[in-house]
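# Return atomic coordinates for the entry below.
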Amino acid sequence: MSLLPETVRRIDEIAARAQAGGRVPSLALAVVRDRAVLHFAAAGEQPRPDPKTQYRLGSITKTITATLVMQLRDEGFFALDDLLYRHLPGTPIGGVTLRQLLGHVSGLQREPDGPWWERNPGGDVDKLLAELTYEKLAGPPYRRYRYSNLAYGLLGAVVEKVTGMGWSELVGKRVLDPLGMKRTTFSPVEPYARGYVVHALTGALHEEPRPGTGAMAPAGQLWSTVTDMAKWAGFLADPAPAVLSRETVDEMCAPVVISDLESWTAGHGLGPQLFRVGERVYVGHGGSMPGYVAHIVVHRRSRFGVIVFANAYGLDGTTVQQVSLSTLTATLDSEPDPITPWRPPTAPEGEAAEICGRWWWMGREHSITPEGDTLVMSGPGAPTRFAREAPDRWRGLSGPNEGEVLRILRSPDGAPTHLDIATFVFSRDPMHLA
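Next comes the predicted model:
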């Protein structure tokens, strides 16, 4: 698909204003959908951005680490509610769970001890664990949102412990390779943008070092391109079963904690950050490392996403998150929703045919219609989709009755007379009350 000319003009304007007003050497901004780049906006000349130019992801790496953790959970390596000491015996902070670490509600302090890990060569896992003390717990679990890079260093240590493989090898084989993200790497590979700090008064550029982060790599090590991040945005919107099921990605994108308790515009899931803009909720993550800021955000229902990279440590007058969110919102506001052509449904058979049609509960009409191998019950409120799981038994897949069981009640001659959904009994008789 292609974007409307007005949408393209607005995206180009946002990119140009962010680069010029933000005083960054280069800024790459892309609108993506279904793993493809729909529009790429390049601003700045050092270097001139290209969809295949690498920038540093920073904490966007955490979403990939979280995906690896959930993959191993699904395969039975551990449970999210396992206490940390079960997998890292002897740690003085072993009373927190893997779930709490993923969602930034463990109470752990933000950073490990020692020099600033983002700007210095990192040590190994043994060194990270040896430096842990009880004082690293800045507060009790679940008391409040407390973003923690240290938490993701520890999650990396857990996955290495339970698999006997290094984090980088696991991420490559289990996440990046299956998604075809060949330009997402652990060290920069040309062509890549050098990262800078911009002098506040003179505008002079100071190139930042690019050390490896050792055991803290799961929190922010990766480098990537717009082209590869389009694939990652596509995965968050429409999961690839070879990596994670849709149910597990849905679980990751459900809120664990609201980080903005006044306006409820920000929160965190099991890895992804959550952003509410008006009536829409986006998922994604921001990232920063010395000399770089980055952001990815996805509207899962429409499958649109936005990627922003800049090679300076921050933008004057705005943030990379604001640029990302405003671009996605502008795109969704101006692009019409795709219209799916109506096609006659396949005629239902068996039980489905018997219960399709009109039903009533407390004088209110509901209808059941076929949709593929499922049935959809519509009425007051949102519809529910049901799938058959046994004779006379259907399970809610989505909507207000998700997870609930629809039971078909029959007369002595076998004809369906009522539907029982979680004790709410529906009848063919409009005057039936139950």
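
# Provide a list of residues in contact with the residue nearest the centre of the chain.
Nearest to the mean C-alpha position of the chain, by Cα atoms, centre = their mean, lies P272 at 4.0 Å. By Cβ atoms under 8 Å, 6 or more residues apart in numbering, the residues touching P272 are T63, A66, L236, M252, C253, V283, G284, H285. C-betas here are computed from N, CA, C, even on glycine.

# quick one, helices of the stretch 251-400 of the chain?
320-334, 350-355 (DSSP state H, counting those that start in this stretch).

# related to what we said a few turns ago, take the contacts of P272 and lay them out in CSV including distance to E354.
Output for these, formatted as CSV (distance: Cβ to Cβ, whole Å):
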residue, distance to E354
T63, 45
A66, 44
L236, 40
M252, 38
C253, 37
V283, 40
G284, 45
H285, 48
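
# Of those residues, which is the nearest to W116?
Distance to W116 across the contacts of P272 (Cβ to Cβ) is lowest for H285, with 20.6 Å.

# before we move on, the earlier item: confidence-wise, which of the helices of the stretch 251-400 of the chain is weakest overall?
The minimum mean pLDDT among those belongs to helix 350-355 (a mean of 94).

# name the helices or strands packed onto that helix?
Packing partners of helix 350-355 (3 or more Cβ pairs under 8 Å, 6 or more residues apart in numbering; DSSP states H and E): strand 405-410, strand 416-421.

# repeat that with 7 Å
Judged by 3 or more Cβ pairs under 7 Å, 6 or more residues apart in numbering; DSSP states H and E, helix 350-355 is in contact with strand 416-421.

# and the strand it packs on, what does it pack onto?
Using 3+ Cβ pairs under 7 Å, 6+ apart: strand 416-421 touches helix 350-355, strand 405-410, strand 424-427.

# what's in contact with the top helix by length along the chain?
Counting by DSSP state H, the longest helix found in the chain is helix 5-22. Helix 5-22 is touched from outside by 27, 29, 31, 39, 41, 43-44, 315-318, 323, 326-327, 330-331, 334-335, with contacts defined as Cβ atoms under 7 Å, 6 or more residues apart in numbering.

# Please name the residues that touch I307.
I307 neighbours (Cβ under 7 Å, 6+ apart): A30, V32, V226, M229, A230, A233, I296.

# Mind checking which of the residues you listed are buried?
A30, V32, V226, M229, A230, A233, I296 (16 or more other Cβ atoms under 10 Å).

# In helices only, show me those.
Those of these lying in helices (DSSP H): V226, M229, A230, A233.

# Widest-spaced pair of the residues you listed?
V226 and A233 (10.0 Å).

# just to revisit the earlier point, want to try a markdown table for the contacts of I307, with pLDDT and distance to E135 as columns?
A markdown table is the format used below for the contacts of I307 (pLDDT from 0 to 100; distance: Cβ to Cβ, whole Å):
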| residue | pLDDT | distance to E135 |
| --- | --- | --- |
| A30 | 98 | 43 |
| V32 | 98 | 43 |
| V226 | 98 | 41 |
| M229 | 98 | 37 |
| A230 | 98 | 42 |
| A233 | 98 | 39 |
| I296 | 98 | 34 |
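
# And the contacts of helix 5-22, which of them are buried?
Neighbour-count burial (16+ other Cβ under 10 Å) is assigned, among the contacts of helix 5-22, to 27, 29, 31, 39, 41, 43-44, 315, 323, 326-327, 330-331, 335.

# ok, these vs G399, which is closest?
E335 (26.1 Å).

# Buried by neighbour count: which residues of the lowest-mean-pLDDT helix or strand in the chain qualify?
Across the helices and strands of the chain, mean confidence by mean pLDDT, DSSP states H and E is lowest for helix 125-130: a mean of 88. Across helix 125-130, burial judged by 16+ other Cβ under 10 Å covers V125, L128, L129.

# Kindly report the same for stretch 207-221.
Buried residues in stretch 207-221 (16+ other Cβ under 10 Å): E208, R210, P211, T213, G214, A215, M216, A217, P218, A219, G220, Q221.

# List the contacts of the second one.
Right, R210. P188.

# again, 8 Å this time
Per Cβ under 8 Å, 6+ apart, neighbours of R210: R56, S187, P188, G195, G291.

# shouldn't the third one be in contact with Q54?
Right, P188. Yes. Assessed by Cβ atoms under 8 Å, P188 is found in contact with Q54 at 5.7 Å.

# Low-confidence stretches in the protein?
Applying pLDDT under 70 to the chain flags residues 433-434.

# Show me how it divides into domains.
5-334, 350-427 (automatic domain parsing).

# could those be laid out in TSV, adding distance to P344?
TSV is the format used below for those (distance: least, Cβ to Cβ, whole Å):
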stretch	distance to P344
domain 5-334	25
domain 350-427	10
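
# Neighbours of the nearest residue to V281 once chain neighbours are set aside, how many?
Spatial nearest neighbour of V281, chain neighbours left out: L274 (6.2 Å); criterion: Cβ to Cβ, 6 or more residues apart in numbering. Neighbour count for L274, taken as other Cβ atoms under 10 Å: 23.

# hey, what's L274 bridged with?
G267, V283 (DSSP bridges).

# I am assuming it contacts V256, so please confirm or correct that.
No. Using Cβ under 8 Å as the test, L274 is too far from V256 to be in contact (9.1 Å).

# ok so, going back, adding mean neighbour count and distance to W342, write the helices and strands packed on strand 416-421 out as a markdown table.
Shown next, in a markdown table, are the helices and strands packed on strand 416-421 (neighbours: other Cβ atoms under 10 Å; distance: least, Cβ to Cβ, whole Å):
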| stretch | mean neighbour count | distance to W342 |
| --- | --- | --- |
| helix 350-355 | 15 | 19 |
| strand 405-410 | 16 | 25 |
| strand 424-427 | 18 | 26 |
